[in-house]
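K.L.:
kindly return the folded structure for what I paste below:
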Amino acid sequence: MAGMSPVPLTLGLFSASASSSSSSPAGVTVCDVMRAPEQVFQIQAAGETLDGFSASLPLLPNGSSESLTSREVWCRPGWKATRDLAPILPDHLINIEEINHALQQTTSPEELDQAMLPWKGKLSFRLMNTILSNEKDWQRALALHDWMVEKGKYKPSQFGYNIMLRNVLREQKWVLAEGLYKEMLKCKVSPDKYTFATLISQYGKAGKLEGAFLWLEEMDRAGIAPDLITFSTLIDLAGKHGNFSKAMALFYRMKADGICPDLIVYNSMINFFGKAKLFKESRGLFGEMKSYGITPDTVSYSTLINVYAEAEKYTEAEDVFLSMRAEGCPIDLTICNMMINVYGKLELVKEAEHLFWSMDEIGVVRNVVTYNTLMNVYGMAGLKGQAKHLFRIIRQVSGVEPNIITYNTIIAIHGQALEFEAATKILAKMQQAGVEPNAVTYSTLLSAYGKAGKFEKAVVLFQNLRTAGFQMDEVLYQTMIMVYEHAGLVGHSQRLLEELKHSKLVSRSGSINILAKAGKVEEASRLFNRVYQEGEMLDISVFKNMIAIYCSNQRAKHALEVYDRMRNKGYLPDSSTCEYLLSAYGQLRLLHGAERLYKDLQAQGCVLSDQVHLKMMSLYGNLERVHAAEKLFKQLCEHGGVPEHDLYATMGKIYEKADRLDEAARLLTLARKRERF
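P.N.:
Okay, here's the model as predicted:
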């Protein structure tokens with residue numbers, strides 16, 4: 001290994017600049033990582049690109065934990081591809097355990113060379129790759145791979161590089177992974193679907209949304225079709241980051257590519273459609289699943305029930321539960337807990353109690369969540385006595401250990417009843433039981449004090465928490481800001497908001513969201529612009545909240561600027577954000593921009609809510625583009641997605657505004673008739 005010369009790589013941009021004097025036709029390989037520091041190469045900028053690869057693909061978004069200034073990776077001069085040497089010994093005569101043990105003792109490239117020297121030319125390509133696959137240490141594996149291609153004269157392969165990628169990605173060595181991918185291309189080794197599946201999966205697990213989707217783009221450029229697992233990984237990643245439009249676009253692309261979603265993908269999409277408030281599409285997936293021979297399971301039903309419950313559509317949630325029982329689908333603990341809550345929201349306390357006590361009959365064991373939920377149902381119904389009784393049962397009879405939510409629930413019930421002394425006693429009991437109060441506990445008390453007009457108590461509690469060094473979060477800040485504003489203490493509220501902008505206790509995304517939700521447009525705007533310019537990765541909710549607050553304050557131009565930034569980060573707007581944006585385009589009379597937004601989102605496979613379609617129709621009418629409104633009206637009527645009543649009513653108002661009164665009267669009459677049904 002003597003005489004190795006560093007070759008500069010631009011791993012972060014997927015391009016390389018090798019020395020022009022290099023005579024190597026095959027490029028360079030990533031080498032031993034156990035050499036002296038003076039042999040570490042430096043990553044530097046380069047304008048060259050690899051064959052067939054885009055150099056404009058930055059896969060290292062801000063926040064990478066890896067240094068971009070130096071790597072503990074060495075590069076060797078290129079090697080000439082040769083044929084695989086025929087092994088002297090058959091595989092079954094080789095003691096792999098002996099080789100693995102010898103490798104485990106090595107701590108340097110020289111030691112590894114000595115360990116492998118007796119086996120040079122004696123191991124088949126298949127067996128050598130097996131040994132490589134068994135090596136879990138990413139540094140030793142890299143050194144072994146280099147030994148294979150340089151000393152062992154084995155040809156580089158997809159299998160070997162895929163193993164290397166797997167190992168370095170497990171250690172979150174993002175720069176090195178990009179370098180290995182670049183090296184594959186330089187060595188004329190074509191990546192396969194497993195290469196990209198590994199990259200996308202590991203970037204996804206690390207929460208690197210932008211990087212994962214850039215790898216998908218590279219996969220497309222390589223002409224490799226994503227499979228079910230790849231799509232499933234990306235859909236789940238997009239949804240968990242709140243980018244529901246992106247998840248939907250992937251879902252529809254997946255089906256357009258001829259890949260049938262499995263049960264896991266369908267269950268994810270039921271959730272994501274619901275989170276995006278596209279309830280019709282969410283429930284419609286049940287019929288689609290059955291048409292493909294996929295039977296909805298307990299998770300499918302529980303997901304849809306939860307979607308409706310979170311949207312406060314409790315009647316629809318109950319309807320799903322009844323359908324589930326009619327289908328004979330098994331009921332589990334999660335379903336029972338959710339339905340007890342749903343019945344409570346519907347003020348059906350008897351039904352909640354019946355389900356609670358009938359759980360024994362259906363073989364479902366209650367847990368602390370079950371008790372907490374029924375206790376909360378009693379609290380919502382004002383049945384304080386039953387709630388207290390159940391609290392005693394939890395502590396004394398059931399054998400279920402009360403948790404923080406148990407105590408928070410009973411404290412909230414006492415707070416609603418203005419029984420602050422009792423709430424304080426519960427607080428002491430929970431601490432005696434070894435359950436430490438959290439931000440929700442104190443937020444509950446602060447809120448109760450505020451609603452009861454006990455502002456002094458709220459202020460004292462908040463100041464005591466700060467003095468005691470309690471870990472403050474956005475929940476407490478948000479609650480205290482509301483208490484101050486409810487009390488008319490605007491100055492105190494402003495000071496707290498100002499403090500929030502510089503607080504290290506709350507993420508800057510959280511701070512922007514609090515300011516935006518509090519209607520503090522100037523403060524939110526300044527903090528948003530500063531954070532964005534510094535390159536910090538902002539949550540999608542920040543962009544949505546900023547668009548909402550700008551539109552609510554007649555700042556259409558600013559809203560559209562935020563949208564441009566949102567798209568630059570790879571986020572797609574959901575339907576509610578799309579409505580705001582269409583309004584902004586309308587305020588500025590930028591019809592072409594509105595049309596581009598509306599059509600682009602549909603072209604990318606995004607499912608838009610009925611309100612977005614109707615908003616676009618209304619926008620045409622407001623800008624006196626009646627013919628365009630008529631065209632969209634006909635398209636939506638043919639599609640059959642938007643309720644006819646809403647379509648007729650919207651188009652009727654457009655005709656009315658255009659003084660086409662006969663047509664307006666006809667459609668408005670039809671709208672009233674459809675409403676009856």
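K.L.:
residues near Cys260, how many?
P.N.:
12 (other Cβ atoms under 10 Å). C-betas here are computed from N, CA, C, even on glycine.
K.L.:
list the contacts for it?
P.N.:
Residues near Cys260 by Cβ atoms under 8 Å, 6 or more residues apart in numbering: 228, 292.
K.L.:
from Glu534, how far off is it?
P.N.:
Remark: distance between Cys260 and Glu534 (Cβ to Cβ, to the nearest Å) = 44 Å.
K.L.:
so how far is the lengthiest helix in the chain off the chain centroid?
P.N.:
Selection of the longest helix in the chain by residue count, based on DSSP state H, yields helix 661-676. In terms of Cα atoms, centre = their mean, to the nearest Å, the centre of helix 661-676 is set 44 Å apart from its chain centre.
K.L.:
report all helices and strands that it contacts.
P.N.:
Judged by 3 or more Cβ pairs under 8 Å, 6 or more residues apart in numbering; DSSP states H and E, helix 661-676 is in contact with helix 644-657.
K.L.:
buried sites along the helix it packs on?
P.N.:
644-656 (16 or more other Cβ atoms under 10 Å).
K.L.:
next: stretch 167-179.
P.N.:
Of the residues in stretch 167-179, 167-169, 172-179 count as buried by neighbour count, 16+ other Cβ under 10 Å.
K.L.:
then stretch 310-328?
P.N.:
313-314, 316-318, 320-321, 324.
K.L.:
doesn't Gly586 make contact with Leu623?
P.N.:
Yes - the pair Leu623 / Gly586 is scored as a contact, 7.1 Å apart, by Cβ atoms under 8 Å.
K.L.:
low pLDDT regions in the protein?
P.N.:
Applying pLDDT under 70 to the chain picks out residues 1-88, 397-398, 500-505, 674-677.
K.L.:
ok, the residue lying closest to Lys520 once chain neighbours are set aside - contacts?
P.N.:
Among residues not flanking Lys520 along the chain, Leu497 sits closest, at 5.8 Å (Cβ to Cβ, 6 or more residues apart in numbering). The contact partners of Leu497, by Cβ under 8 Å, 6+ apart, come to 481, 514-515, 518, 520, 523.
K.L.:
coming back round to it: what about Leu623 and Gly586, which has more around it?
P.N.:
Comparing Leu623 with Gly586 by other Cβ under 10 Å, the one with more neighbours is Gly586, at 20 against 16.
K.L.:
quickly name whichever of the buried residues of stretch 310-328 is closest to Ser575.
P.N.:
Lys313 (15.9 Å; Cβ to Cβ).
K.L.:
what's the closest non-adjacent residue to the closest one?
P.N.:
Distances taken as Cβ to Cβ, 6+ apart place Phe279 nearest to Lys313, at 6.9 Å, with adjacent residues excluded.
K.L.:
what does Phe356 give?
P.N.:
Here the nearest residue to Phe356 in space, its sequence neighbours aside, is Leu374; by Cβ to Cβ, 6+ apart that works out to 5.2 Å.
K.L.:
what residue is smack in the middle of this protein?
P.N.:
The residue lying closest to the centre of the chain (Cα atoms, centre = their mean) is His241, at 1.9 Å.
K.L.:
and that residue, how far from Ala423?
P.N.:
38 Å.
K.L.:
elements contacting the helix or strand hosting Thr577?
P.N.:
Using DSSP states H and E, Thr577 sits within helix 575-587. Using 3+ Cβ pairs under 8 Å, 6+ apart, the elements in contact with helix 575-587 are helix 540-552, helix 556-568, helix 591-603, helix 610-622.
K.L.:
buried ones in that helix, by neighbour count?
P.N.:
Buried residues in helix 575-587, defined by neighbour count with 16+ other Cβ under 10 Å: 575, 577-587.
K.L.:
go on, stretch 93-104?
P.N.:
Residues of stretch 93-104 classed as buried: 94, 99, 102-103 (neighbour count, 16+ other Cβ under 10 Å).
K.L.:
and for stretch 262-280?
P.N.:
Neighbour-count burial for stretch 262-280 flags 265-279 (criterion: 16+ other Cβ under 10 Å).
K.L.:
related to what we said a few turns ago, distance of the residue nearest to Lys520 from Ala439?
P.N.:
Separation of Leu497 from Ala439 (Cβ to Cβ): 18 Å.
K.L.:
now swap in Ile512 and tell me
P.N.:
19 Å.
K.L.:
those two: who's more crowded?
P.N.:
Ile512 (31 against 17).
K.L.:
in this structure Lys120 contacts Lys151, no?
P.N.:
Yes - between Lys120 and Lys151 there is a contact under Cβ under 8 Å: 6.5 Å.
K.L.:
all helices of the stretch 351-500 of the chain, in order?
P.N.:
368-380, 384-396, 404-416, 420-432, 439-451, 455-467, 474-486, 490-502 (DSSP state H, counting those that start in this stretch).
K.L.:
and the first one, what does it pack against?
P.N.:
In terms of contacts (3+ Cβ pairs under 8 Å, 6+ apart), helix 368-380 is packed against helix 333-345, helix 349-358, helix 384-396, helix 404-416.
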